[in-house]
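Peer 1: got a predicted model here, sequence first, then my questions.
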Amino acid sequence: MRNGSMTNAIAKAIAIPNNDYVHIAWDFRSQLTDCGGFAVYRLTQNGPADGMPLPAFARDAQGKRLKITCEDQPIRKYSWRDVFETRGGTYRYRIVAMSKPKQPLEGVDPIMTSWVTVSPRAGNAMVYFNRGLLATQHTADDIWDPAHQKPDFAKIEALINDENSHLRKSLSGQLFEALTLLLDRAKKDGGSCWASLYELTDECLIDRLAECDNLHLILSNDNDEKDKKVVYDGKNQAAAKTLHPTAQEIIRRYMPQGQIGHNKFVIYVDSHRRPKAVLTGSTNWTASGLCTQSNNAILIESEPLAERYLQYWKELKSDALAAGIPKQPSPVRAIQAKELRAECAVKPSPIPLNQNSTVTAWFSPNAASVMRSGKQKTQPPVPADLAEIYDLFAHARQSVLFLAFMPGMAGAAMSFHFLKELGKVSAQKPELFVRGAVSDPGLTREFDLATLTANATNRNEDSMIASPQGIFKNFNDWRKEIYKYGHAIIHDKVIVVDPFDEERCAVITGSHNLGFRASSNNDENMLIIRGDAAIAQAYAAHVMDIFEHYRSRWINASNANRPNRKDYDPNQDPNWQQKYFDDSRPAYAERLFWVSGGTPLPALAANLAQKYARERLEKEDAGRKAAAAARKAAKGAAKKAPRKKAAKA
């Protein structure tokens, strides 16, 4: 189609906000001849009619950031993010096809998005995400050591623990505000807060808890006797000591090895003793939870939901008191008794949330404690909470998106988690759009293998996940990065199903790590929100932000040792649009996904590059299995070999 025949009737642009940024995507429906990229302009309600171009990235020869825009360096993608917006602002976006810098492409009309507001608000819910990505040029700039031309890792701890530092404010975004909203409300209105927390080490958050006049806290140990570097429960002891004089009550849950009290929720009860609201999500109350991991929090105004959480809080308290709380911190073996497990295993009823949407709250432990010994030889029954998630996979029409920390142990035959199930479903549904990221690289490969072994002839070419990586050398305009501080990198526990289908969309979030172990061994809470497109799309934007950030770094790292590899630069590729219109490429589906309105996407055609990647993966897996078998055989032979008797003197 010639550019001159393009009309706005068939072109489409969409803007999706959450509390942190706006995701913009567009589609002109065909390749544009002589297109050098796109310029995206932000419009405000009282600003210039044409808007202001969004910033772009470039450095000068000395490494200093240049103040340029996408007019100067057109975007060679079909989506972009406005991360320089003002929170609370209302905007729309104008997308202009460009032939070259500062030159619009003739014969192609600009397209516009609808007006959107950057806000956590979604009806009776408030949804928050941080910017906890260390593997960014922004973070590299903040901790750059010019003498050694690399980031100074030692600066991170001081900066993320300094409440006034630019880096802490930038990485944490609004998460600190989210975690303390109910504490502020209790202080203002005379209510009380009932919290169950796993890790509590951030001094600013501890101080805010101490200011609560009516605080009821269940505080679990965040390390066990396996950690020889720290006294049992050493990390939370300072918080317990600080809060003891002011808290109404502090209940300690001292978990044994292999179990964790993993909750991170707060309930607000008003001055008339009526439960009113719940805050939950993936965020631990630590500086790293706020800043160096990707995390989310959701606050829901709902009396029935708050009542259900308060009931669970009291069940946790009763369980701890019945098991006994030692004067000196030590594991309590009688914790998580049958009564607690039985209460958590009762299938919960959905609770109305917003118009036509519901929320269901699952609590753990809700399955038999089969994961403790690690000696089981067959898969145990799927826990009830995960069974509901697996059912969502089975009925997904268009897409499944996710972010996960460590739902299971990579390579362990008896480790069961959602990635294995999603891999099977993905192979059975070649039309399903699957994108996600998981902290553990081994789990990324395990997911890929699950898609291979589930159905040898029915591949899903549109299934792609990644693990965190960084840029580990200075090149062109890019500085060397670091990508983690501590163990966790992606700490979200989020799944989004069909986010653009207003009736069928679903979001899973909370503290649950999305594996059997979480359901059977841990104290956990998990929300399943159905039929709320605003919440689903806010989470979808967050998932794709994290996934796309790490994808190029992950692919680059995975292919680092490939012969004849080349670093790809779209700015030097005259055919950069081709992958967005080649129906065998993942980029083709991603272009359609954002503007699809929820309709199912076509299955991708066979992709030669994907085929080679699968063959390489299968070969590597076969090699690992052969090496493991050889080690086992050698070990067995050594046991059977006759021992030589020591010679007599």
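Peer 2: Looks like it arrived, so ask away.

Peer 1: burial of F581, as a residue count?
Peer 2: The tally of other residues near F581 (other CB atoms under 10 Å) stands at 13. Glycine gets a C-beta too; all of them are placed from N, C-alpha and C.

Peer 1: could you check the distance from it over to M98?
Peer 2: Applying CB to CB, to the nearest Å, the value for F581 to M98 is 18 Å.

Peer 1: repeat that for A384.
Peer 2: Taken as CB to CB, the span from A384 to M98 is 53 Å.

Peer 1: neighbour count winner among the two?
Peer 2: Per other CB under 10 Å, whichever of A384 and M98 has more neighbours is M98, with 23 against 16.

Peer 1: my guess is the more buried one contacts V40, does it?
Peer 2: No - between M98 and V40 there is no contact under CB atoms under 8 Å: 10.5 Å.

Peer 1: contacts for the lengthiest strand in the chain?
Peer 2: The strand that spans the most residues within the chain, counting by DSSP state E, is strand 90-100. Strand 90-100 has contacts (CB atoms under 8 Å, 6 or more residues apart in numbering) with 3, 13, 15, 22, 24, 26, 28, 32, 34-45, 50-51, 71, 74, 82, 85, 104-106, 108, 110-118.

Peer 1: now do the SS call for G436.
Peer 2: Secondary structure, DSSP: H, G, I helix; E, B strand; the rest coil: G436 is strand.

Peer 1: got the contact list for it?
Peer 2: Residues in contact with G436, defined by CB under 8 Å, 6+ apart, are 400-404, 465-466, 543, 547.

Peer 1: S364: which of these is nearest?
Peer 2: A404 (16.2 Å; CB to CB).

Peer 1: burial measure for the closest one, as a count.
Peer 2: For A404, using other CB under 10 Å, the count is 27.

Peer 1: got it, and Q45?
Peer 2: 9.

Peer 1: read off the pLDDT value for it.
Peer 2: Among the per-residue scores, Q45 holds a pLDDT of 93.

Peer 1: what does the strand or helix carrying E590 rub up against?
Peer 2: E590 is located in helix 586-594, with elements delineated by DSSP states H and E. With contact meaning CB under 8 Å, 6+ apart, helix 586-594 is reached by 14, 16, 23, 25, 27, 78-79, 398-399, 433, 435, 461-462, 464, 579-582, 601, 604.

Peer 1: for those residues, which PyMOL command selects only the ones that are buried?
Peer 2: Here is the PyMOL command that selects only those of these that count as buried (16 or more other CB atoms under 10 Å):
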select buried, resi 14+16+23+25+27+78+79+398+399+433+435+461+462+464+579+580+601+604
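
Peer 1: quick check: buried residues in the helix holding E590?
Peer 2: 586, 588-594.

Peer 1: those into TSV, with extra columns for pLDDT and distance to S294?
Peer 2: Converted to TSV, those look like this (pLDDT from 0 to 100; distance: CB to CB, whole Å):
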residue	pLDDT	distance to S294
P586	93	22
Y588	96	27
A589	96	23
E590	96	20
R591	97	25
L592	96	26
F593	97	21
W594	97	20
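
Peer 1: let's have those residues in CSV, adding distance to Y483.
Peer 2: Formatted as CSV, the buried residues of helix 586-594 follow (distance: CB to CB, whole Å):
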residue, distance to Y483
P586, 23
Y588, 29
A589, 27
E590, 23
R591, 28
L592, 30
F593, 26
W594, 27
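
Peer 1: which one of these sits closest to A633?
Peer 2: If you rank those by distance to A633 using CB to CB, P586 comes first, at 40.7 Å.

Peer 1: how near is the closest one to L601?
Peer 2: Separation of P586 from L601 (CB to CB) stands at 11 Å.

Peer 1: spit out the residues that contact these two alike.
Peer 2: Common neighbours of P586 and L601 (CB under 8 Å, 6+ apart) are D462.

Peer 1: tell me where the model's unsure across the stretch 151-300 of the chain.
Peer 2: For the stretch 151-300 of the chain, applying pLDDT under 70 flags the ranges 224-228.

Peer 1: can you show me the strands along the stretch 251-400 of the chain?
Peer 2: 264-269, 275-281, 296-301, 351-352, 358-364, 399-404 (DSSP state E, counting those that start in this stretch).

Peer 1: sheet-wise, list the partners of the fifth one with their directions.
Peer 2: Right, the one you point to is strand 358-364. strand 351-352 (antiparallel), strand 524-530 (antiparallel) (DSSP bridges).

Peer 1: roughly how far is it from the heart of the chain?
Peer 2: Put simply, strand 358-364 sits 19 Å off its chain's centre (CA atoms, centre = their mean, to the nearest Å).

Peer 1: then the second one?
Peer 2: Per CA atoms, centre = their mean, the displacement of strand 275-281 from the mean C-alpha position of its chain is 20 Å.

Peer 1: and that strand, what does it pack against?
Peer 2: Contacts defined by 3 or more CB pairs under 8 Å, 6 or more residues apart in numbering; DSSP states H and E place strand 275-281 against helix 175-189, strand 264-269, strand 296-301, helix 303-323, strand 506-510.

Peer 1: and that strand, C-alpha only, in PDB?
Peer 2: Coordinates of each C-alpha in strand 275-281 appear next as PDB, following Å, rounded to 0.1, in the frame of the first residue of the first chain:
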ATOM      1  CA  PRO A 275     -12.200  -3.800  58.400                       C
ATOM      2  CA  LYS A 276     -12.100  -1.400  55.400                       C
ATOM      3  CA  ALA A 277      -9.100  -1.900  53.200                       C
ATOM      4  CA  VAL A 278      -6.100  -4.200  52.300                       C
ATOM      5  CA  LEU A 279      -2.700  -3.600  51.000                       C
ATOM      6  CA  THR A 280      -0.800  -6.500  49.500                       C
ATOM      7  CA  GLY A 281       1.600  -7.400  46.700                       C
END
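
Peer 1: one step back: deepest-packed of the strands of the stretch 251-400 of the chain, please.
Peer 2: Mean neighbours per residue, mean count of other CB atoms under 10 Å, is largest over the strands of the stretch 251-400 of the chain for strand 399-404, with a mean of 27.

Peer 1: no more questions from me, cheers.
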